[in-house]
Structure formats: C-alpha cells, structure tokens
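Novice: let's see this in three dimensions:
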Amino acid sequence: MKEQRRSILKKIFTSAAGVVGLGVVANAKSDAAPEKEVFNVVKDDQDVPLFSGSTKFGNLVFVAGKGAHFDGDITAHTLHVLDELEKELVKAGSSMKKVLKVSVFLHDLNDYKAMNEAYKGKFGDKPPVRTTVAVYGGVPGDSLVEMDCIAYI
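Specialist: From the prediction side, this is the model:
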C-alpha cells in the first residue's frame, strides 16, 4: 500500500514538473545529471575562462548579469540590458516570455521607478518573479543597472 502511494505520488510530481517546465526533475536519471552547455565564455587577460554569458542545464538557461557600459540615463541603460538579456536567451533557444526569475541590481535605488517603466511589458503579460536591490558601491563597470535571469527552453 505504501509503495503504491509512493508510485502514484511520484507520477503526479513528475507530470506536474514536466508541465511547469522542470524537465530536469522530470527527466533526471538517478545516477546521471543532464549535460551542461556553456555559451559565450568571457576570458580575462590570461585567456583563462572567467565566467559564461549563459549556461544551459537540462531545459533551463541561466544568463549572467548584463550591464550597460556607456553614458546614458537609467532608461537607456535598462533598455540596453533587457536587449542584451534577450539576445543571450535567443542564442540559448529561449525567449523573454520563458523567463522564470530576474535579479535587478541598481546603482541607485532612486532609479527604481524609471527602471520599472522601461522594464514594464518586456516579458509579456505574465512577468517573471523578480528581486531588485541597490548595490553598495555601485554596479561593476559604471552601469546604472545590471540584470541576470533564469529561463526555460
């Protein structure tokens, strides 16, 4: 009886996980992890890999933080960063509408309202969950905003 209940629960969980895009869980083998695929490796001065622009793992894609490294206001920087996220997602076989989670790092919390205005609608009518924080000391590279995300394929 206990085994039968576990079997039924396992089937329900596996089906639900597949529906919400968690194929990593639904298709995982107990002894083998899905293959990790790395895109756009960025290198430092020594030609040693520093970090990847994005990484695919199963049916998930993790996009590294994107910033805007030019003179401009928060609106211009936000639009540029969102365009860069979209390019990376498309390269990995995903899209803005498939983003599950976004992290936003602001140079100045006073830019929150203007960043929101530029951000609005970029992920379709069902936006992802989001965390927004102001970064002590500023965003690297003098960007006014940096964003990273997690999406499914």
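Novice: so which helix or strand of the protein has the lowest pLDDT on average?
Specialist: Every helix and strand of the chain was ranked by mean pLDDT, DSSP states H and E. The lowest is helix 23-26, at a mean of 43.
Novice: can you list the strands that the strand or helix carrying S52 pairs with?
Specialist: Per DSSP states H and E, S52 falls inside strand 49-57. Using DSSP bridges, the strands paired with strand 49-57 are strand 36-43 (antiparallel), strand 60-67 (antiparallel).
Novice: I'd like the average pLDDT over the first one.
Specialist: What strand 36-43 shows for mean pLDDT is 65.
Novice: same deal with stretch 128-142?
Specialist: Stretch 128-142 shows a mean pLDDT of 93.
Novice: which parts of that stretch are buried?
Specialist: Residues of stretch 128-142 classed as buried: P128, T132, V139 (neighbour count, 16 or more other C-beta atoms under 10 Å). To be clear about C-beta, it is placed using only N, CA and C from the backbone, and glycine gets the same treatment.
Novice: contacting residues around that stretch?
Specialist: Stretch 128-142 is contacted from outside by 67, 69, 99-109, 112, 115, 145-146, 149, using C-beta atoms under 8 Å, 6 or more residues apart in numbering.
Novice: what's the ChimeraX syntax to select whichever of those are buried?
Specialist: Selection command for ChimeraX covering only the buried members of the contacts of stretch 128-142, criterion 16+ other C-beta under 10 Å:
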select :67,99,100,102,104,105,106,107,115,145,146,149
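Novice: could you list the domains of this protein?
Specialist: Listed by automatic domain parsing, the domain ranges of the chain are 1-30, 34-152.
Novice: averaged pLDDT, the strand holding S52. What do you get?
Specialist: On average, the pLDDT along strand 49-57 is 86.
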